[in-house]
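Please find the sequence and the predicted model below.
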Amino acid sequence: MTNCIAEIIDVKSSRCPAFCDCNFPNSFTVTNHSGSIADLVQCRCGEDTSNTMHWTWQDAETDISIVGPDITFHPSYSQGTAIVRGDVPLQSGMVHFWEMRVLTFLAGTDVMFGIGTDKFDMNQFKSHFISALGIDTNTWGFSYNGRIQHNGKVEPYGRKFSQGVIVGVYLDRTHGYLEFFLNRRSLGIAYTNIPINPDIKIYPMVCSTAFKTVVRLINATSVPECLQLRAYRALSKQPKALEKIRQMPGLIPITRLYWFLAPPIRFSQRSAENELDIADEAVLSKSRLNRKQKFKDEEIDVDDLHTNAHKIAIQRRASDDANLFLSDCFDEHFHYLF
């Protein structure tokens, strides 16, 4: 019995903590609840009702119940894989970011978040338990087990996650990049082969094999790719300069428009010891086999531009932070903001 308890604790400790410390219904309560599972969740952490949703979920005839932003997979019983997608395609030439809050404990064969084209048959696995997103060339998926999949190839990517976590998806349809977030922390670019052809329709997708899996869409933003966006993206890597920008009234609309490049982060008490400033984080290795490691001053390798590019500049200015001017962080893109 002691070994079993130790194993359970170890499994829980290896999983990404919830975004906050709010109470969520346990599996027993969810299983025996006859009404809407979403009604059992009072937490609204991370949600911003002031932002307009640029899309929502498309009604499905499969084993899915959709009420507003909430999806309930297999509300009666599960006999296969249910898949849902957004109601509008994500346009080419734009950057799309959306977030989903996991309201129930994740279990079963797979629960996946990602994207897919209109060529993907949404009903083909309704009698099969399978990791559907990424099973072919038309979909790209991120599993709750921490793995990514495309064209049937599975790769390690991030930590396992479950109830209370916020899953973010960043899709750049100008450059063909796909990136995933957990609790608003980037896990690095997962794929660079997303079609940018405007004739190819791509949709946000979620799939689940588990009984009464509930996922809530809490944010959905789409903005044009432009010089202003590229400037703010680069600026978001400089926390001190970003803080100065946020104090300038004339630039507040820009910070609100591109909020997802430097999103507000809230950790639960259980993960407080892992909270890092943006400037303390290292870029993921190309192999994606190792999770993000905290940057340490004594380990600077000035020749390793891929890993520590935006850290080296900060380190060289560590002795004169008091005299750091906003213009010191500029490149030619930043002038567009002013």
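Nice, thanks for sending it over.

what's the burial count for Thr62?
For Thr62, the count of nearby residues is 15 (other Cβ atoms under 10 Å). Where C-beta positions appear, they are placed from N, C-alpha and C, glycine not excepted.

Can you classify it by secondary structure?
coil (DSSP: H, G, I helix; E, B strand; the rest coil).

Who does the closest residue to Ser208 other than its chain neighbours form a beta bridge with?
Among residues not flanking Ser208 along the chain, Phe73 sits closest, at 3.9 Å (Cβ to Cβ, 6 or more residues apart in numbering). Residues in a beta bridge with Phe73, per DSSP bridges, are Ile64, Thr213.

Give me the distance between Phe73 and Thr221.
Distance from Phe73 to Thr221, counting by Cβ to Cβ, to the nearest Å: 24 Å.

and those two? which has more neighbours close in?
It is Phe73, of Phe73 and Thr221, that has more neighbours when counted by other Cβ under 10 Å, with 27 against 19.

Now do the same contact list for the more buried one.
Residues near Phe73 by Cβ atoms under 8 Å, 6 or more residues apart in numbering: 63-64, 82, 84, 207-208, 210-215.

Quick check: the gap between the residue nearest to Ser208 and Val206.
8 Å.

Could you do Asn145 as well?
Distance, Asn145 to Val206, by Cβ to Cβ: 15 Å.

can you map out the strands along the stretch 151-300 of the chain?
Ranges of strands in the stretch 151-300 of the chain, per DSSP state E, counting those that start in this stretch, are 153-156, 166-172, 177-182, 185-191, 202-208, 213-224.

closest one to Phe28 among these?
strand 213-224 (15.1 Å; Cβ to Cβ).

what mean pLDDT does the closest one have?
In this model, strand 213-224 has a mean pLDDT of 95.

and that strand with strand 166-172, angle?
Angle between the axes of strand 213-224 and strand 166-172 is 30 degrees (criterion: axes from the mean of the first three to the mean of the last three Cα atoms, to 10 degrees).

helices or strands up against strand 213-224?
Packing partners of strand 213-224 (3 or more Cβ pairs under 8 Å, 6 or more residues apart in numbering; DSSP states H and E): strand 70-73, strand 94-102, strand 202-208.

so which of those strands gets nearest Glu243?
Per Cβ to Cβ, nearest to Glu243 of the helices and strands packed on strand 213-224: strand 94-102, 21.6 Å.

Buried residues, that closest one. List them.
Under the neighbour-count criterion of 16 or more other Cβ atoms under 10 Å, strand 94-102 has 94-102 buried.

what does stretch 251-265 give?
Neighbour-count burial for stretch 251-265 flags 254-255, 258-263 (criterion: 16+ other Cβ under 10 Å).

Quick check: the spatially most central residue of the chain vs Asp121, distance?
Residue closest to the average C-alpha location in the chain (Cα atoms, centre = their mean): Gly168, at 1.9 Å. Distance, Gly168 to Asp121, using Cβ to Cβ: 27 Å.

okay but Arg216 is in contact with Asp39, surely?
No - Arg216 sits out of contact with Asp39 when judged by Cβ atoms under 8 Å, with a separation of 11.9 Å.

For these two, indicate the residue with more neighbours.
Set Arg216 next to Asp39 and count neighbours by other Cβ under 10 Å: Arg216 wins out with 21 against 11.

Ser78 is in contact with Thr209, isn't it?
Yes - assessed by Cβ under 8 Å, Ser78 is found in contact with Thr209 at 6.1 Å.

which residues do Phe73 and Val206 both contact?
84, 215.

Give me the below-cutoff pLDDT ranges for this structure.
Scanning the chain for pLDDT under 70 picks out the ranges 1-13, 49-50, 267-338.

domain ranges for it?
Using automatic domain parsing, the domain ranges for the chain come out as 2-224, 227-337.

List the residues that contact the nearest residue to His33 once chain neighbours are set aside.
Take His33 and drop its neighbours on the chain: the residue closest to it by Cβ to Cβ, 6+ apart is Leu40, 6.3 Å away. Counting by Cβ under 8 Å, 6+ apart, Leu40 touches 25, 29-30, 33.

ok, now Ser236?
Shown in contact with Ser236 (Cβ under 8 Å, 6+ apart): 242, 258, 261-262, 278.

And the helices in the stretch 1-150 of the chain?
Under the criterion DSSP state H, counting those that start in this stretch, the stretch 1-150 of the chain contains helices at 2-13, 27-32.

Now do the buried residues in the last one.
Spelled out, it's helix 27-32. Within helix 27-32, the residues that count as buried by 16+ other Cβ under 10 Å are Val30.

so Gly188 sits right up against Glu179, yeah?
Yes - Gly188 lies in contact with Glu179 (Cβ under 8 Å); the separation is 6.8 Å.

Show me which of these two is the more surrounded one.
Relative neighbour count places Glu179 above the other of Gly188 and Glu179, with 19 against 16, counting by other Cβ under 10 Å.

Tell me the spacing between the more buried one and Ile148.
Glu179 is 11 Å from Ile148, by Cβ to Cβ.
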